[in-house]
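Colleague: Give me coordinates for this.
(one chain, ligands or ions: 1)
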Amino acid sequence: MSVASMDVPRWDGPLPSCDEVAKMIDHSLLRPELTAAEVEDGLATALEYRTASVCVRPPDVPRAAAVLSGSRVAVGTVVGFPHGSGTTAAKVFETAELISSGAEEIDMVINIGRLRDGDVASVQAEIAAVVRAAEGRPVKVIFENSYLTDQDKTAGYKAAEAAGAAFVKTSTGFAPGGATAADIALMRRTVSPRVQVKAAGGVRTLDALLELHRLGATRFGATATAAILDDLEGRRGGDPPAGGATGDPSTGY
Ligand SMILES: O=C[C@H](O)COP(=O)(O)O
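Modeller: Residues are numbered from 1 along each chain as shown. The predicted model follows:
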């Protein structure tokens, strides 16, 4: 069951700072119907809350790079999105083009059908090709877990690590299902500590985010960034917004 439909209990552990949580969020601006004005608003939200990155649609990368220039918010984007059904050559081309127009992080969708076929070698080769095209920028590999058996998932996560991925990621947010607690735990125990786990799809509350973080997720794709961080600020009794006007002297952000 995805965290969106789970009744996640209220978090009763220690609360991280707003800045610590903001630095784990990729603010998602991927919905196909977003207008240019809505993308601008989303970029402003990412700057205000000082998220790790924005995750924008490919044609929005140049604008995101211009707006976020000089900030700590990275420009992320997607390749083979949302179905992963393009050719390897197309994914490599997309990656190279997006890097040259300012993308700093790449979230790619695997060829889901090939993984279900058991053709792990071609899935791994495709991820490796995108990693090469990304020229050192982190590549997050999206599995769309809801379509996969645990056997498919485990083989895919290992292939992503062998191909040089920086992250394994649960979902696009555009298919049935989304991030689940069971998948985060499976991802975390399948890949080595070198590879991070990103939860996306239905992570819309602070309680869901903190529970998935407890299970090993260290990055979150989210559209509900402001609600999550405002809730955290409220529970902490009025922390400044993440990084806010006062910033964090220990990090300089
Ligand atoms: O990061 C991927 C999705 O866009 C997340 O959307 P959501 O947070 O509304 O589920």
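Colleague: Now for the closest residue to residue 102 other than its chain neighbours: which residues touch it?
Modeller: Spatial nearest neighbour of residue 102, chain neighbours left out: residue 65 (2.8 Å); criterion: CB to CB, 6 or more residues apart in numbering. Any C-beta I mention is one placed from the backbone N, CA and C, and that applies to glycine too. By CB atoms under 8 Å, 6 or more residues apart in numbering, the contact set of residue 65 is 75, 101, 102, 103.
Colleague: The third one contacts residue 58, doesn't it?
Modeller: No: between residue 102 and residue 58 there is no contact, the gap being 11.1 Å when judged by CB atoms under 8 Å.
Colleague: Now the residue nearest the centre of the chain, what are its backbone angles?
Modeller: Nearest to the mean C-alpha position of the chain, counting by CA atoms, centre = their mean, stands residue 221 at 4.0 Å. As for residue 221, its main-chain torsions (degrees, to the nearest 10) stand at phi -90, psi 130.
Colleague: and the residue of the stretch 51-200 of the chain found nearest the ligand, how many neighbours does it have?
Modeller: As assessed by CB to the nearest ligand atom, the ligand sits closest to residue 173 within the stretch 51-200 of the chain, at 2.6 Å. Neighbours of residue 173 under the rule other CB atoms under 10 Å: 23.
Colleague: And the nearest residue to it once chain neighbours are set aside, how far from residue 219?
Modeller: In this structure, residue 173 finds its nearest non-sequential neighbour in residue 201, 4.1 Å apart by CB to CB, 6+ apart. Distance from residue 201 to residue 219, counting by CB to CB, to the nearest Å: 13 Å.
Colleague: same deal with residue 194?
Modeller: Residue 194 is 14 Å from residue 219, by CB to CB.
Colleague: neighbour count winner among the two?
Modeller: Neighbours per residue, other CB under 10 Å: of residue 194 and residue 219, the larger number sits with residue 219, 25 against 9.
Colleague: check contacts around the residue nearest to residue 228 when sequence neighbours are not counted.
Modeller: With sequence-adjacent residues excluded and distances taken as CB to CB, 6+ apart, residue 228 is closest to residue 206, at 5.0 Å. By CB under 8 Å, 6+ apart, the residues touching residue 206 are 11, 21, 228, 231, 232, 235.
Colleague: hmm, which of those are the buried ones?
Modeller: 11, 21, 228, 231, 232 (16 or more other CB atoms under 10 Å).
Colleague: mind checking the SS state of the residue of the stretch 51-200 of the chain closest to the ligand?
Modeller: Following DSSP: H, G, I helix; E, B strand; the rest coil, we place residue 173 in the coil state.
Colleague: So which residues of this structure form strands?
Modeller: 25-29, 53-56, 74-79, 105-109, 139-142, 167-169, 196-200, 217-222 (DSSP state E).
Colleague: Reformat the contacts of residue 65 as JSON lines; add pLDDT.
Modeller: Shown next, in JSON lines, are the contacts of residue 65 (pLDDT from 0 to 100):
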{"residue": "75", "pLDDT": "98"}
{"residue": "101", "pLDDT": "98"}
{"residue": "102", "pLDDT": "98"}
{"residue": "103", "pLDDT": "98"}
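Colleague: Counting only helices, which of these make the cut?
Modeller: Counting by DSSP state H, no part of those is found in helices.
Colleague: Among those, list the two that are farthest apart in space.
Modeller: Spanning the widest gap among the contacts of residue 65 are 75 and 101, at 9.1 Å by CB to CB.
Colleague: Looking at those two, which has the bigger crowd around it?
Modeller: Neighbours were counted for residue 75 and for residue 101 using other CB under 10 Å; residue 75 has more, 28 against 16.
Colleague: hang on, isn't the more buried one packed against residue 58?
Modeller: No: in terms of CB under 8 Å, residue 75 does not count as a neighbour of residue 58; the distance is 11.1 Å.
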